[in-house]
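J.: Sequence and predicted model, in that order:
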Amino acid sequence: PILIATLISRPLGFIREAVQAALFGASRLTDIFIIAYNVPELIQTLFFSGVLSNFFVPIITRYRNQREELSTVFSVTMNGALVLAFTLASLCYVTAPWIMTVAAPGLTGGDHDLAVFLFRFMLPMLILHCLLAVIKGTLDSIDHYAMPEYAGVFFNVVMIACALLLAGSYSITSLAIGVVGGSILQLLVQVPVLRQKGLHYRPSVGFAHPALHEMRGLVLGAIIATAVVPINAFVARAMASGLPEGSVSALAYAFRVFILPVSLFAVPVYTVLLTELSTAQHQGEQQRFKDQAATGLSLLFSVALPATAVLIALATPITRLLYERGQFTPEDTLLTSQALIAYGVGVLAYGTSQVMVRLFNATKDTSTPAFVGLGSIGLSIGGNWLFREWWGHWGIALVTSVVSYGNTLVLYGLFPRRFGPLNESVLLRRL
């Protein structure tokens, strides 16, 4: 179900990006929108969607056969996340000018003011995606993966419609309208599924449940581990904002293409894998745990290596086919394809690092990925500054690949020391 949903959602994501590229190109307007959009996305990933996938599923899996208790844990988590989301959204609204200055120091004057406006306009996304993250984690724990993944389909459809229908009247704000409208629809389509699965939300539930106490013990490590990818992306965009016009957009368009093989195969693998690994760990079945880990990593090898070759060899024709129309010029194609080659080098490492993090999380060890992640963030900051000076925007993209390889190798080296070997001979043969 996840693969089918991804096969529908990701092409729609490309259509959305293609529509955006045709309407606005790789311009200063798209740079501003991408920066304003990615900051609330970073916050919700940091505190909700990524974090919940890292520690919520391993904990809630034990209640999967007790619907009433599962509903209680679901409600407790939903209430806590909702309070935190409203608090963060309010704080972000007040401090928006300062946040946009940090996020894009290269934006000044009217560009900075537009970024602040768009950022504030899209803040409801933070709250809506917070609720969606709790729903997704709960449904994943009972092996229902389809509807949370189909949420992306509804989001993309609304964004495409808003861009096509409203761009003439509202310019770049049409994309922000699509973000909020798509987020609302994403949440609403989950409600019937929750009812069908016998899950009920109770707004009056307190915060004293044992599951919540267990989550509190893991949350800090999960936040730090989850922060690696979005913070590195945040730093990259901030660095790129000082480069020539269109650099931020080129990185964003290239990353969309780069992430396709990861989304098609790595996301389904590690989404299902986390639930299965958590169950095996909870039941003390260590051999089953290792076999599932080997299977998940092997699937990534079989997809990531060919994807790397394709993205590097065909970066320019792929970019031209997907984006070069309307306001998206051949110069934009050159910028985007350069970034795509640099990202493409890291397909294997990017997907594998996500699986390695989930191996640790399934054992309820969130601190090890957190410490490794802190080192990765430091490496990314230094690398972005240095590579930007040498190679401009595509040097920034290359740092993402280098950091992903470093993160993967360190995690893979640490895991056997903590929990025993992972059938290395089988993994090496399959690689």
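T.: Looks like it arrived, so ask away. Residues are numbered from 1 along each chain as shown.

J.: Can you tell me the SS state at N384?
T.: Under DSSP: H, G, I helix; E, B strand; the rest coil, N384 falls in the helix class.

J.: List the contacts of it.
T.: 235-236, 239, 395-396, 399 (C-beta atoms under 8 Å, 6 or more residues apart in numbering). Using the backbone N, CA and C atoms, a C-beta is placed for each residue, glycine as well.

J.: again, only using 6 Å
T.: 235-236, 239, 396, 399 (C-beta atoms under 6 Å, 6 or more residues apart in numbering).

J.: hmm, which helix or strand of the protein has the shakiest average pLDDT?
T.: When the helices and strands of the chain are scored by mean pLDDT, DSSP states H and E, helix 50-60 comes last with a mean of 62.

J.: just for the stretch 151-300 of the chain, where's the confidence low?
T.: Counting by pLDDT under 70, the ranges of the stretch 151-300 of the chain that qualify are 204-230, 265-275.

J.: circling back: following element in sequence after the least confident helix or strand of the chain, please.
T.: Remark: after helix 50-60, the chain's next helix or strand is helix 67-94, criterion DSSP states H and E.

J.: tilt between the helix or strand following that next one and helix 67-94?
T.: Using DSSP H and E, the helix or strand that follows helix 67-94 in sequence is helix 96-103. Relative orientation of helix 96-103 and helix 67-94, computed by axes from the mean of the first three to the mean of the last three C-alpha atoms, to 10 degrees: 90 degrees.

J.: Could you list the alpha-carbon positions for helix 96-103 in PDB?
T.: C-alpha atoms of helix 96-103 as PDB (Å, rounded to 0.1, in the frame of the first residue of the first chain):
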ATOM      1  CA  ALA A  96       8.900  35.700  12.300                       C
ATOM      2  CA  PRO A  97      11.100  38.600  11.200                       C
ATOM      3  CA  TRP A  98      14.000  37.400  13.200                       C
ATOM      4  CA  ILE A  99      13.500  33.800  12.100                       C
ATOM      5  CA  MET A 100      13.500  34.800   8.400                       C
ATOM      6  CA  THR A 101      16.700  36.800   9.000                       C
ATOM      7  CA  VAL A 102      18.400  33.700  10.400                       C
ATOM      8  CA  ALA A 103      16.900  31.400   7.700                       C
END
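
J.: from the chain's centre, how far out does that helix sit?
T.: Relative to its parent chain, helix 96-103 has a centroid offset of 21 Å by C-alpha atoms, centre = their mean, to the nearest Å.

J.: I'd like to know which elements it is packed against.
T.: The criterion is 3 or more C-beta pairs under 6 Å, 6 or more residues apart in numbering; DSSP states H and E, and the helices and strands that helix 96-103 contacts are helix 109-121.

J.: So for stretch 32-44, mean pLDDT?
T.: The pLDDT scores in stretch 32-44 average 83.

J.: Output the helix or strand where V134 lies as CSV, restricted to C-alpha atoms.
T.: Assigned by DSSP H and E, V134 belongs to helix 124-141. Extracted in CSV, the C-alpha atoms of helix 124-141 (Å, rounded to 0.1, in the frame of the first residue of the first chain):
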residue,chain,number,x,y,z
PRO,A,124,-1.2,26.5,10.3
MET,A,125,0.6,23.8,8.5
LEU,A,126,2.7,23.3,11.6
ILE,A,127,-0.3,22.5,13.7
LEU,A,128,-2.1,20.4,11.1
HIS,A,129,1.0,18.3,10.3
CYS,A,130,1.5,17.8,14.0
LEU,A,131,-1.9,16.1,14.3
LEU,A,132,-1.3,14.1,11.1
ALA,A,133,2.0,12.8,12.5
VAL,A,134,0.3,11.4,15.6
ILE,A,135,-2.4,9.8,13.5
LYS,A,136,0.2,8.3,11.1
GLY,A,137,2.2,6.8,14.0
THR,A,138,-0.9,5.3,15.6
LEU,A,139,-2.1,3.8,12.3
ASP,A,140,1.4,2.5,11.5
SER,A,141,1.4,0.7,14.8
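
J.: what angle separates that helix from helix 67-94?
T.: Using the same axes, to 10 degrees, the inter-axis angle of helix 124-141 relative to helix 67-94 is 160 degrees.

J.: what helices or strands is the next helix or strand after helix 124-141 leaning on?
T.: As assigned by DSSP H and E, the chain's next helix or strand after helix 124-141 is helix 146-170. Here helix 146-170 touches helix 2-24, helix 173-188, going by 3+ C-beta pairs under 6 Å, 6+ apart.

J.: Now tabulate those helices in TSV and tack on distance to T87 and mean neighbour count.
T.: Formatted as TSV, the helices and strands packed on helix 146-170 follow (distance: least, C-beta to C-beta, whole Å; neighbours: other C-beta atoms under 10 Å):
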stretch	distance to T87	mean neighbour count
helix 2-24	30	19
helix 173-188	18	20
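
J.: Out of these, which is closest to I259?
T.: helix 2-24 (8.5 Å; C-beta to C-beta).

J.: Show me what that closest one is in contact with.
T.: Residues outside helix 2-24 that contact it (C-beta under 6 Å, 6+ apart): 30, 145, 149-150, 152-153, 156, 159-160, 163, 167, 256, 260, 263-264, 268, 271, 322-323, 325-328.

J.: buried subset of the residues you listed?
T.: 30, 145, 149-150, 152-153, 156, 159-160, 163, 167, 256, 260, 263-264, 268, 271, 322-323, 328 (16 or more other C-beta atoms under 10 Å).

J.: ok so, going back, among the contacts of N384, who's most crowded?
T.: When neighbours are taken as other C-beta atoms under 10 Å, the top entry among those is I396 (29 neighbours).

J.: Below-threshold pLDDT in the stretch 1-150 of the chain: ranges please.
T.: Applying pLDDT under 70 to the stretch 1-150 of the chain picks out residues 1-3, 5-6, 45-61, 64, 143, 145.

J.: and with 80 instead?
T.: Scanning the stretch 1-150 of the chain for pLDDT under 80 picks out 1-11, 13-14, 26, 41-74, 77, 81, 106, 137-138, 140-150.

J.: Q186 is in contact with A151, correct?
T.: Yes. Assessed by C-beta atoms under 6 Å, A151 is found in contact with Q186 at 4.1 Å.

J.: on that earlier part again, CSV for the contacts of N384, including secondary structure and distance to S249?
T.: Formatted as CSV, the contacts of N384 follow (DSSP: H, G, I helix; E, B strand; the rest coil; distance: C-beta to C-beta, whole Å):
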residue, secondary structure, distance to S249
V235, helix, 17
A236, helix, 13
M239, helix, 14
I396, helix, 13
V399, helix, 18
